[in-house]
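In: Here you go, sequence then predicted model.
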Amino acid sequence: MTSKSRTAGTLTTDNRVLILVVERNPAVQRLERYFLEQAGYSVEFADDGLSALERARELKPEILVAEILVPALDGLSLCRALKADAATSHILVLIFSHLHAEDRALEAGADAFLIKPLNEKLLIETVETLVSKVRNEKGTR
Amino acid sequence: MTQKISAGATGLDEVLMGGIPANTITVLMGAPGSGKTILAEQIAFHNASPETPVLYLTTLAEPLEKFIAHGDSYSFFDASKVGVSVFYEDLGYMIRETGIETLAERVTDLLIRYKPKLLFIDSFKALHELLTSETHRRTVIYDLATALSAYQCTSFLIGEYAPGMVTQLPEFAIADVVLNMMRHITNVREQRFLRVEKIRGSDSIPGMHAFAITADGIKIFPRILTPRFAPTYRPKVERVNTGIKGLDDMVAEGFWRGSTTLIAGPSGSGKTIMALHFIRQGALQDERSLYLGFQENPMQMARIMHNLGWDTEDLISSGKLELMYCSPVEMQMDQVAAELFGRIRAGKIERVAIDSLDDLERSSVDKQRFADFIYALIQWFAVENVTCMQTVELSHLFAVSGVNVTQEQVSNMCDNLVVLGFNTDRDELRRSVRILKTRGSSHDEREHTLEISGRGAVVTKAK
């Protein structure tokens, strides 16, 4: 999957919603890629918080799925940074972590929280809810 | 609160305080033939449904066909679930093709394909044969743990692990739960026990729990422990009629309801007949009463009572009198306790006679455990307000005095202690009875005569 064809906050060239996932566990990466792509999304990965911030600015994904426990910049700090920047504040953030930190995630501005391990049904349902939210917001603009 | 899944094996959820913690890794260890695969398949079939698919991976120990044929002999095995909600795959074949280094990757492939909620790898230990060094072993197992913990799935690693391996092999470090299935062999007698070696994020009943392998699978009998709450204080003490003429009069306040009386005496001194009087009297007074014996089966016991001129058939058929028999040959005492308390709670039984403690003691693997077991049993009787009479055989033929008449301090634990014996009066052998202890009451300390005739036992007072 390349990133050259992206436009800010829009769909990919093949009309799929782009999701940027911040995750360093290769097993989780593999499962997330499989289930999200199966559900019709386009998926990009970053291994740490700082590179995720750069990629989010560059790719303008509609949704960012972040583990809290990632190197360089933790998932909560990443979320705050995205929400504080007008260029990225529209990106919906799903914190998906082993850490029971729902309150902290919402305080950081996250739009949704899920606890690991991965349950594909819950993950897809949550992402779909976020996608509907994006579409509704676009529709009302 | 930790979400748990039911093991589906009688007693195991109780041992694990509600079941196996969900989304964890459990190592199921034990000697060959200890029942690991039976328990694993039992858990698998119990939980399997279209919403809860189960993936059972075989490796290098036994071919897949053998697993299915073996499981098919148990009632929990439901062939209609195979291929629908229980999926078997040969992981051994896959990793022989691609190498043990790809274990985590192959397991992830299978997680993606089947989306299981429960995953079994049997035998996991057999995979160690493909691991060439300690570093290799740790890396491969770490990667597998990472893969298993990534997906919402409860995993079981099964293997013939010896106790010493627990501190050495990396799967025990990554495991959240370790269940050890043991075989205890003394002479020709074999007993099976399960112990929770490790459990994270939950509590469990400690110690060794007896289990049996039956046609329905594994049945676990949780070790009887002292109740966590004391018996309810009852300001008004209720006396119980033992049915042994002359005996109750020897105790000022009588035998209390909820108390345990130990009848100790040599062979032939009248212990069993006193126990029979005790339960028959209960049944005659509309108290549901149970006789637990280990030597005579219920038919033999009914015949003994019939020969005493007692019409017990109505008492038995009405459910007021229950005769429970456990063969002492393969008996495990926690199994007996589980069945006994099951009946007490189901049938509101008010009196129990246990005849004898010697048979129970022979089934115990250690003396301290036997003493703890009897103590817990007596405390539970008090909590349940069940009045109990227990018998124990003494090796000395003639009347004894002193409190510790039994080796395992059982006499100290009981509320009342009645000692039977023999005396010689010229050429005549005479049975004697003496109360050595009554808790919370005074008693007649003199020795009296126990007369046994075709109509039962009677205490006749010394002049």
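Out: Nice, I can see it.
In: pLDDT value on residue 39, please?
Out: Chain wasn't specified; assuming chain A. At A:Ala39, the pLDDT value in this model is 96.
In: other chain: chain B
Out: 96.
In: Excluding chain neighbours, what is closest to it?
Out: Nearest residue to B:Leu39, sequence neighbours excluded (C-beta to C-beta, 6 or more residues apart in numbering or on different chains): B:Ile218, at 4.7 Å. Every C-beta, even on glycine, is put in place using the N, C-alpha and C of the backbone.
In: hmm, the worst-scoring helix or strand of chain A on mean pLDDT touching chain B?
Out: Within chain A, no helix or strand scores below helix A:120-140, which has a mean of 87 by mean pLDDT, DSSP states H and E. Yes - counting by C-beta under 8 Å from any C-beta of the partner chain, chain B has neighbours in helix A:120-140: A:Glu120.
In: So for that helix, what gets flagged as buried?
Out: Neighbour counts over helix A:120-140 (16 or more other C-beta atoms under 10 Å in any protein chain shown) mark A:Glu120, A:Leu123, A:Ile124, A:Thr126, A:Val127, A:Leu130, A:Val131, A:Val134 as buried.
In: ditto for stretch B:138-153
Out: In stretch B:138-153, counting by 16+ other C-beta under 10 Å, buried: B:140-141, B:143-153.
In: quick one on the thing from earlier: and the least confident helix or strand of chain A, what other elements does it pack with?
Out: The elements that helix A:120-140 packs onto, with contact taken as 3 or more C-beta pairs under 8 Å, 6 or more residues apart in numbering or on different chains; DSSP states H and E, are helix A:26-38, strand A:63-66, strand A:92-97, strand A:112-115.
In: Mind checking those for the one nearest to B:Ala337?
Out: strand A:112-115 (40.6 Å; C-beta to C-beta).
In: Tell me if B:Asp249 really is in a strand.
Out: No - if the criterion is DSSP: H, G, I helix; E, B strand; the rest coil, then B:Asp249 is helix and not within a strand.
In: what residues does chain A put near chain B?
Out: Counting by C-beta under 8 Å from any C-beta, chain A sits next to chain B at A:25-28, A:30-31, A:34-35, A:116-120.
In: re earlier: looking at the helices and strands packed on helix A:120-140, which is closest to B:Asn241?
Out: strand A:112-115 (61.6 Å).
In: for chain A, what are the low-confidence residue spans?
Out: Filtered on pLDDT under 70, chain A yields the residue ranges A:1-13, A:139-141.
In: Revised request: answer the last question for the stretch 151-300 of chain B.
Out: B:187-188, B:231-236.
In: what about the strands in it?
Out: B:154-159, B:177-186, B:189-199, B:209-214, B:217-221, B:239-240, B:255-256, B:260-265, B:289-293 (DSSP state E, counting those that start in this stretch).
In: Who does the residue nearest to the spatial centre of chain A form a beta bridge with?
Out: The centre of chain A sits closest to A:Leu64, judged by C-alpha atoms, centre = their mean, with a distance of 1.4 Å. Going by DSSP bridges, A:Leu64 is paired in beta bridges with A:Leu20, A:Val93.
In: Would you confirm that it contacts A:Leu92?
Out: Yes - contact criterion C-beta atoms under 8 Å: A:Leu64 and A:Leu92 qualify, at 7.3 Å.
In: sorry, back to before: I'd like the residues of chain A next to chain B as JSON lines, with distance to B:Gly293 appended.
Out: Shown next, in JSON lines, are these (distance: C-beta to C-beta, whole Å):
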{"residue": "A:Asn25", "distance to B:Gly293": "61"}
{"residue": "A:Pro26", "distance to B:Gly293": "63"}
{"residue": "A:Ala27", "distance to B:Gly293": "58"}
{"residue": "A:Val28", "distance to B:Gly293": "60"}
{"residue": "A:Arg30", "distance to B:Gly293": "62"}
{"residue": "A:Leu31", "distance to B:Gly293": "59"}
{"residue": "A:Tyr34", "distance to B:Gly293": "63"}
{"residue": "A:Phe35", "distance to B:Gly293": "61"}
{"residue": "A:Lys116", "distance to B:Gly293": "56"}
{"residue": "A:Pro117", "distance to B:Gly293": "53"}
{"residue": "A:Leu118", "distance to B:Gly293": "57"}
{"residue": "A:Asn119", "distance to B:Gly293": "54"}
{"residue": "A:Glu120", "distance to B:Gly293": "57"}
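In: Closest one of the residues you listed to B:Val459?
Out: A:Pro117 (69.6 Å).
In: and B:His448, how many neighbours?
Out: Neighbours of B:His448 under the rule other C-beta atoms under 10 Å in any protein chain shown: 18.
In: ok, B:Ile220 - contacts?
Out: Counting by C-beta atoms under 8 Å, 6 or more residues apart in numbering or on different chains, B:Ile220 makes contact with B:Ala9, B:Thr10, B:Gly11, B:Leu12, B:Glu14, B:Val15, B:Leu194, B:His209, B:Ala210, B:Phe211.
In: now swap in B:Met413 and tell me
Out: Taking C-beta under 8 Å, 6+ apart as the test, what B:Met413 contacts is B:Thr260, B:Ala371, B:Ile374, B:Tyr375, B:Ile378.
In: same thing with A:Val131?
Out: By C-beta under 8 Å, 6+ apart, the neighbours of A:Val131 are A:Val17, A:Glu62, A:Ile63.
In: Need these in JSON lines (columns: neighbour count and distance to B:Asp311).
Out: Below are the contacts of A:Val131 laid out as JSON lines (neighbours: other C-beta atoms under 10 Å in any protein chain shown; distance: C-beta to C-beta, whole Å):
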{"residue": "A:Val17", "neighbour count": "22", "distance to B:Asp311": "84"}
{"residue": "A:Glu62", "neighbour count": "25", "distance to B:Asp311": "86"}
{"residue": "A:Ile63", "neighbour count": "24", "distance to B:Asp311": "82"}
